[in-house]
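Participant: Give me a 3D structure for the following:
(2 chains)
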There are 2 protein chains.
Amino acid sequence: MTEFRVEINNLEDCLEKYIPKEELKEVKRILYGRSDDRLELPEETRKLAEKINLELKGYSIPAASEELRKPRIVRIGAIQNAIVLPTTDPFEKQRNAIHNKVSEIIKIASTANVNIVCMQECWPIPFGLCTMKKDPWCKFAEDAKTGPTTTLLKKLAKDYNMVIVSPIFEKDNDSYWNTVVVNSNRGNYIGKHRKNHIPRLDDCNELVYYPEGNTGHPVFETDFGRIAINICYGRHHPQNWMMFGLNGAEIVFNPCAVDSEASEPLWGIEARNAAVANSYFTVAVNRVGTEVYDHEFKSTDGTIHHNFGPLFGSSYVAAPNGHRTPGLSRNTDGLLITEVDLNLCRQVKDFWGFRMTQRLDVYAESIARASKADFKLQIIRENCQDQV
Amino acid sequence: MTEFRVEINNLEDCLEKYIPKEELKEVKRILYGRSDDRLELPEETRKLAEKINLELKGYSIPAASEELRKPRIVRIGAIQNAIVLPTTDPFEKQRNAIHNKVSEIIKIASTANVNIVCMQECWPIPFGLCTMKKDPWCKFAEDAKTGPTTTLLKKLAKDYNMVIVSPIFEKDNDSYWNTVVVNSNRGNYIGKHRKNHIPRLDDCNELVYYPEGNTGHPVFETDFGRIAINICYGRHHPQNWMMFGLNGAEIVFNPCAVDSEASEPLWGIEARNAAVANSYFTVAVNRVGTEVYDHEFKSTDGTIHHNFGPLFGSSYVAAPNGHRTPGLSRNTDGLLITEVDLNLCRQVKDFWGFRMTQRLDVYAESIARASKADFKLQIIRENCQDQV
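Facilitator: Below is the predicted model of the structure:
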């Protein structure tokens, strides 16, 4: 098991601790843009969070005012949490404990008028899929429309007038899927999306459980903007991010369950680069804690062990202009509330013009060629006839 | 003109100055991966650099040893520099002065056994293209094969057994192009590539000078690996980076001329994200200094002025595993030497499996649809019939 080598709970706290104020401002601008304006949160929210030891952070990412459009202010909540009970406890007890903890966090979010909330990948269960064992984990998959998690969330969504983005392990007849359900703020199931890109790593070949998603790149129209979900490993694929953008997304959530040392240095750049390349907001959400299983399984470095984690949390929001919030901590439950003005999407599109300059027709053709078995690489050699 | 608000010449130097050693190691790991291993450079190299006030940095990015392949060690040089003479001086004098300065830097690189070197965008001239004036700047474009810059570099390339990647302002019969010429270490012209994506910003509409590139996404096979070039604004387009990868690139250079505040927070993430997404090395090169023109032109914020810059340098190398070197300074001439083992590309491909999981056929089809005027967005609404 990899332990964090030095106790840095949070990168930004560490920078703030040591770097003098004037330089810190410049360091943050270069690293993060200018978007760490604190958002004042209600006393009640802060007290409730404190009571359950929940890290609570609030930031605001503004946009310029416009002549023809009113601001489109939306409060986004990102929830990261550890599981509650041992993975060997009766499963329903485990799930209820997680349901209860996260319901409380959603309630806290509601006291700060959060409009849309998103949890981490497969949030109602331990991420037992890392073990490559089907029994018992397949038994804990649930129906996207009628399962216990959607049933719970539809009620909370209506009670709190909140869109709830809920990543689950789905069972649909005889098939399993890594899925996200979107529940409307009126308590209705809007639809679902299935993970498009499935990791086939040494330590995690999720194809054992489910195939590549068959739901395309849907964008869900909600009262609080057009949203989409890029599930976990799909963050490594820029074309996956791009299609959500082309379908009109203004906020793309990226719920994850990531622990490996290989991933942490990429964490701050992938969802943020996607926000820039596609002129939308991205919300990267990751688990925390270490999950201990009673059966052995392989880790990235090939060793055999019982632990998944530590999962490094660090959930954050990135804006179309590349600015980002600081992250939640690497090791504690947390709620990150970010107030954004969705008008920033079009403002950035008009500034950079990536859509206008992206030459989709060229890439449709070249990617089609590259996808064929007889693809001929465009290679130029010294003194060859292809030279231009 | 935007001045740097606080004198931070180099972000990493600032972190090193203030953060205690143990924490610093962890901060760097989270921010940059682990690739800031210093590379020992020859005494001669250091002395020559010191003599001309050239910032010199050396790093090493290793790979694991393999049973069936020898290491493929390559030393990459990235050169960033300010122009030398006022932009109002006779042009040939200006170009000669830049030629002389950069020739000296290339010579210094050769004393450290650099194998491939790349300069910044349109390196032989001031970036007068920011002024939107055709006269006199169009007069300074040159032929890719026979112009003074290629003539000079072919000689240096042969003398120093070095591949030289040379971004120029090209004239080809009656057309102008933003082009990069690749010269082999035997002193031969291998070929050229033309900028694929052209900015159309408030302050910089380069379409005034040249159209979108018509050379595809060529990869140049050299004695020191397969290389490609993504010119400046193309860094914002992930699909541009992707096609160089699909054509087999192991190192992709990104020569730039960037000054705006809007760009600096993106600088560290775009080329680095491309390195990760495509499992190759990327080399981001940017100008330094402020260029003063005698004619007025617009800046990003709409103000009229005479200056382009300050250009923020900060050239760096990113590896397929997401690790990156610290950057060169934001305001001085510099040479960044990075020793890499190209075997890391395949090692990372085998680890992450992005190629295998990228579903090109799906994207060929969906991007083709998105490129048509009658593209129907995949949008799911509450209670609509498209609901799944």
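Participant: got the residue ranges for the helices in chain A?
Facilitator: For chain A, the helices defined by DSSP state H cover A:11-18, A:21-32, A:43-51, A:91-111, A:148-160, A:238-246, A:264-278, A:343-352, A:360-370.
Participant: Show me what the fourth one is packed against.
Facilitator: Contact analysis of helix A:91-111 by 3 or more C-beta pairs under 8 Å, 6 or more residues apart in numbering or on different chains; DSSP states H and E lists helix A:43-51, strand A:73-80, helix A:148-160, strand A:334-341 as its packing neighbours. Placement of C-beta: from N, CA and C, glycine included.
Participant: Mind putting those into CSV with distance to chain B?
Facilitator: CSV is the format used below for these (distance: least, C-beta to the nearest C-beta, whole Å):
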stretch, distance to chain B
helix A:43-51, 25
strand A:73-80, 16
helix A:148-160, 11
strand A:334-341, 17
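Participant: what's the closest of these to residue B:362?
Facilitator: helix A:148-160 (27.2 Å; C-beta to C-beta).
Participant: Could you dump the helices and strands packed on helix A:91-111 into TSV and include mean neighbour count and mean pLDDT?
Facilitator: Shown next, in TSV, are these (neighbours: other C-beta atoms under 10 Å in any protein chain shown; pLDDT from 0 to 100):
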stretch	mean neighbour count	mean pLDDT
helix A:43-51	15	98
strand A:73-80	25	98
helix A:148-160	19	98
strand A:334-341	25	98
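Participant: and of the ones you listed, who's closest to residue A:351?
Facilitator: Closest to residue A:351 of the helices and strands packed on helix A:91-111 is strand A:334-341 (C-beta to C-beta; 14.8 Å).
Participant: Distance from the closest one to the middle of the chain?
Facilitator: Here strand A:334-341 is found 13 Å from its chain centre; the criterion is C-alpha atoms, centre = their mean, to the nearest Å.
Participant: Could you figure out how far that strand is turned away from strand A:73-80?
Facilitator: Computed by axes from the mean of the first three to the mean of the last three C-alpha atoms, to 10 degrees, the angle separating strand A:334-341 from strand A:73-80 equals 160 degrees.
Participant: helices and strands around strand A:334-341, which ones?
Facilitator: strand A:55-61, strand A:73-80, helix A:91-111, strand A:316-318.
Participant: Return the most buried member of the ones you listed.
Facilitator: strand A:316-318 (a mean of 29; mean count of other C-beta atoms under 10 Å in any protein chain shown).
Participant: and the residue nearest the centre of chain A, what does it touch?
Facilitator: Geometric centre of chain A, nearest residue: residue A:254, 2.3 Å, by C-alpha atoms, centre = their mean. By C-beta atoms under 8 Å, 6 or more residues apart in numbering or on different chains, residue A:254 lies in contact with A:229-232, A:234-235, A:271, A:274, A:282-285.
Participant: next one: residue A:122
Facilitator: A:129, A:167-169, A:178, A:257.
Participant: Please apply the same query to residue A:263.
Facilitator: The neighbours of residue A:263, taking C-beta under 8 Å, 6+ apart as the test, are residue A:312.
Participant: contact partners of stretch A:160-168?
Facilitator: A:106-107, A:109-110, A:114-124, A:141-142, A:144, A:147, A:149-150, A:153, A:156-157, A:178-185, A:222-224, A:227, A:229, A:231, A:253, A:255.
Participant: returning to that earlier point: could you dump the helices and strands packed on strand A:334-341 to CSV with distance to residue B:54?
Facilitator: Below are the helices and strands packed on strand A:334-341 laid out as CSV (distance: least, C-beta to C-beta, whole Å):
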stretch, distance to residue B:54
strand A:55-61, 40
strand A:73-80, 45
helix A:91-111, 53
strand A:316-318, 36
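Participant: closest to residue A:350 out of these?
Facilitator: Closest among the helices and strands packed on strand A:334-341, using C-beta to C-beta: strand A:55-61, at 17.3 Å.
Participant: from the chain's centre, how far out does the closest one sit?
Facilitator: Distance of strand A:55-61 from the chain centroid (C-alpha atoms, centre = their mean) equals 16 Å.
Participant: next one: stretch A:231-242
Facilitator: For stretch A:231-242, the separation from the chain centroid amounts to 11 Å (computed by C-alpha atoms, centre = their mean).
Participant: what about that stretch, start to end distance?
Facilitator: 14 Å (C-alpha to C-alpha, to the nearest Å).
Participant: just stretch A:193-206 next, same as before
Facilitator: 17 Å.
Participant: strands paired with the helix or strand of chain A with the lowest mean pLDDT, and their directions?
Facilitator: Across the helices and strands of chain A, mean pLDDT, DSSP states H and E gives its lowest value to strand A:204-205, namely a mean of 86. Looking at strand A:204-205 with DSSP bridges, its partner strands are strand A:200-201 (antiparallel).
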